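Chemist: Sequence and predicted structure are below.
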Amino acid sequence: MGAVREVVLDESVLFAEDAVGNPCLHPASASLLRRLRHSNLRVGICYEEDDTSQKASFVQGIAATHSLDSIPLSGTDEDSLQKFLVAWNGTGSSCLFITSRKIELFFSKLRNIGWIIVYVGVDSNVATDSGFININTVQAVPITICNLNKMAMHEKPLVIGYIMKPSREEDFSERGAFPLYPTHNGLLFLPLSFELPLARQIKQVDVVLHKATDEIISIDTSLDFSNGILFSKGMNELKRNIEDIPDCCVIDSLNNIYPLLDRHKIQEILCKLDEFNIKGHRKLRAPHFLKVDNYDYTCLQDQLSEAKLSFPMIVKPQVACGVADAHNMALIFKIEDFENLRVPLPAIIQEYIDHGSLLFKFYVLGERVFHTVKKSMPNATHLLSISAKSGSSSIFFNSLKSLPVAQEDNISAGCVEHSNHSIDLDLVSHAAKCLRKWLGLTIFGFDVVIEEGSRDHVIVDLNYLPSFKEIPDSDAIPAFWEAIKSSYEYWKATRAPKP
Ligand SMILES: Nc1ncnc2c1ncn2[C@@H]1O[C@H](COP(=O)(O)OP(=O)(O)OP(=O)(O)O)[C@@H](O)[C@H]1O
Ligand SMILES: O=P(O)(O)O[C@H]1[C@H](O)[C@@H](O)[C@H](OP(=O)(O)O)[C@@H](OP(=O)(O)O)[C@H]1O
Ligand SMILES: [Mg+2]
Ligand SMILES: [Mg+2]
């Protein structure tokens, strides 16, 4: 049996009726359709031709929404089968027919031409063999396809189990990052579900790719961050499983991720870069900073001076991500602005770098380094005009939502475009390689601003598994796959020998 490239979902596994008898889509089926849509498989929906017109138009609407084919099935006789096959017009590779209706005659005809029937439902009488598979719920469809494709491929693909918040999974999935048919470098992607037993799922994968910070409930900053994290129930179960199954490559290990949760640790890492400046190149450095546990500014001025900090400054929560207020920060212009400052404590006070409102976002995917230029915040003089207009001296904002931009900020796209000539890419790429070695992370991002005047390249932020949305899919996705494969190969070559 060849690898599965095509899947037809019968309406019986997708639709139900709501309280008033109208057709509706099972939530689990909706999630499955979203995943299959971007799985690099050809997917269709089959519906009974004599369905009510309301049902037929509902099915066709769902198919159109998910960019899937919709194929009518008029009956189970030979003629209906031929009409169905002509309408589907399959490539002849192994095709799955996923249903919870028992149409024996139709099944045997399909199996005779190499299709595989996947019956969804709990029925002990169902005999299973290579052409007939029984699963309990539609949530087991991806793992079924994955296992069939693992068995069918001459060179065993590497199965990457992934888990992240739905919006992030959708972002990656829409870019084609999670195919259920092997990539050119032999990877298969399988969504892990907290709603199914994790131990069984993890045994099916070679790698677990996760964004654990998506599963943080809260962080008790009175403890060392890694001990203060309260994860979701599902993430705690995943942690237990990956700790119990040493034979599972994790991208990336939690211990390597924890420092990027903490802007204080990030500053300490970035300050190490000061030693790595290359003669004849611009200086690469971290911002001057001070960590504070309170905003009592009566004794703060000396500490600020000692830390070489002068106004304006930017105040960020020490917690860097994972919780809602990790991106609530403020620009402050005088010592009194610490009064009633709403930035969560403990906080990191950073020098504000005048950087002409241009931000260079770098993304490290394994060996590859990409960057994009984005509009940022204006120089201090412009910021003062914003604060003057706002009536309050300090400027409070959420960096994930919007940055304070001066009205008269005249950075046009052209300036962003020309800015590429101002950054020392060799210097930053060298720094990226150092950071990759120190952090032990497969995919991470960092933000660079160039100080006006000195032209110092200042790294103001480090992020774990960012979205690199702005990098073209044609570059980013193959690099994403290569980074994962290289990390796995490095893990395999360096892991402790099996007992
Ligand atoms: N020290 C600084 N001097 C000047 N501008 C800064 C400084 N720190 C941050 N910025 C600007 O503010 C933006 C948000 O800051 P930062 O990147 O630290 O926030 P974040 O919440 O970590 O964002 P991300 O979504 O990238 O994780 C930066 O992208 C940059 O434009
Ligand atoms: O959601 P938390 O755990 O707070 O972490 C954020 C990161 O700090 C940001 O770097 C991510 O933004 P980018 O993916 O654009 O880098 C941001 O990605 P998002 O905006 O796509 O959610 C978040 O991952
Ligand atoms: Mg940032
Ligand atoms: Mg960040």
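Modeler: Cool, got the structure. Ligands and ions are numbered 1, 2, ... in the order given.
Chemist: Distance-wise, check the residue in the stretch 101-250 of the chain positioned nearest to ligand 1 relative to Leu304.
Modeler: Residue of the stretch 101-250 of the chain nearest ligand 1, by C-beta to the nearest ligand atom: Thr213 (10.6 Å). Where you see a C-beta, it was placed from the backbone N, CA and C, and this is true even at glycine. Separation of Thr213 from Leu304 (C-beta to C-beta, to the nearest Å) stands at 30 Å.
Chemist: How about Lys375?
Modeler: Going from Lys375 to Leu304 by C-beta to C-beta gives 29 Å.
Chemist: Any residues of the protein in contact with ligand 4? List them.
Modeler: Neighbours of ligand 4 within the chain, by C-beta under 5 Å from the ion: Asp461, Asn463.
Chemist: Which single residue of the chain ends up nearest ligand 3?
Modeler: Asp461 (3.5 Å; C-beta to the ion).
Chemist: which SS class is the residue of the stretch 101-250 of the chain closest to ligand 1?
Modeler: For Thr213, the reduced secondary structure class is helix; criterion used: DSSP: H, G, I helix; E, B strand; the rest coil.
Chemist: related to what we said a few turns ago, so between Lys375 and Leu304, which is more surrounded?
Modeler: Each of Lys375 and Leu304 has its neighbours counted (other C-beta atoms under 10 Å); Leu304 has more, 20 against 16.
Chemist: Give me the number of neighbouring residues for the nearest residue to the more buried one once chain neighbours are set aside.
Modeler: Once flanking residues are discounted, Leu304 sits nearest to Leu290: 6.2 Å by C-beta to C-beta, 6 or more residues apart in numbering. If you count neighbours by other C-beta under 10 Å, Leu290 ends up with 20.
Chemist: next one: Lys469
Modeler: So Lys469, with other C-beta under 10 Å, has 13 neighbours.
Chemist: what helix or strand is it on?
Modeler: Counting by DSSP states H and E, there is no helix or strand that carries Lys469.
Chemist: I figured it was touching Asp171, is that so?
Modeler: Yes: contact between Lys469 and Asp171 holds when scored by C-beta atoms under 8 Å: they sit 6.7 Å apart.
Chemist: about what we covered before: so the residue nearest to Leu304 sits in a strand?
Modeler: Yes: remark: Leu290 belongs to a strand, assigned using three-state DSSP.
Chemist: and the residue nearest to Glu367 when sequence neighbours are not counted, how far is that from ligand 4?
Modeler: Excluding the flanking residues, the one nearest Glu367 by C-beta to C-beta, 6+ apart is Ser486, at 6.9 Å. Using C-beta to the ion, to the nearest Å, Ser486 is found at 24 Å from ligand 4.
Chemist: same question, Val449
Modeler: 13 Å.
Chemist: Could you identify the helix or strand that succeeds whichever strand or helix holds that residue?
Modeler: Under the criterion of DSSP H and E, Val449 resides in strand 443-450. Proceeding N to C from strand 443-450, the next assigned helix or strand is strand 457-464, under DSSP H and E.
Chemist: That following strand - contacts with which helices or strands?
Modeler: Where contact means 3 or more C-beta pairs under 8 Å, 6 or more residues apart in numbering; DSSP states H and E, strand 457-464 is packed against helix 263-271, strand 284-285, helix 425-439, strand 443-450.
Chemist: before we move on, the earlier item: burial measure for the residue of the stretch 101-250 of the chain closest to ligand 1, as a count.
Modeler: 25.
Chemist: Now do the contacts for the closest residue to it other than its chain neighbours.
Modeler: Counting by C-beta to C-beta, 6+ apart, Thr213 lies nearest to Gly322, which is 3.8 Å off, once chain neighbours are set aside. By C-beta atoms under 8 Å, 6 or more residues apart in numbering, Gly322 lies in contact with Thr213, Asp214, Ile216, Ile219, Ile229, Leu261.
Chemist: can you name the two of the residues you listed that are farthest apart?
Modeler: Asp214 and Ile219 (13.6 Å; C-beta to C-beta).
Chemist: between these two, who's got more neighbours?
Modeler: Ile219 (24 against 18).
Chemist: so what's the more buried one scoring on pLDDT?
Modeler: Per-residue pLDDT puts Ile219 at 95.
Chemist: repeat for Asn410
Modeler: At Asn410, pLDDT is 54.
Chemist: Over to the one 10 residues further on?
Modeler: The confidence metric pLDDT takes the value 62 at Asn420.
Chemist: same question, Glu489
Modeler: pLDDT, read off for Glu489, is 97.
Chemist: how close does it sit to Glu215?
Modeler: Counting by C-beta to C-beta, the gap from Glu489 to Glu215 is 27 Å.
Chemist: which one of those two has more residues nearby?
Modeler: Set side by side, Glu489 and Glu215 show more neighbours around Glu215, with 22 against 12, by other C-beta under 10 Å.
Chemist: secondary structure class for the residue nearest to the spatial centre of the chain?
Modeler: Geometric centre of the chain, nearest residue: Arg168, 4.3 Å, by C-alpha atoms, centre = their mean. What three-state DSSP gives for Arg168 is helix.
Chemist: 5 is where my numbering starts, stick with that
Modeler: Renumbered: residue one is now 5, and that last one reads Arg172.
Chemist: pretty sure it is in contact with Lys215, am I right?
Modeler: Yes: when contacts are counted by C-beta under 8 Å, Arg172 is listed as touching Lys215 (6.2 Å).
Chemist: So which residues of the stretch 5-154 of the chain form strands?
Modeler: Listed in chain order, the strands of the stretch 5-154 of the chain (DSSP state E, counting those that start in this stretch) span 8-14, 19-21, 27-29, 46-52, 73-77, 98-103, 120-124, 136-139.
Chemist: Fine, thanks again, bye for now.
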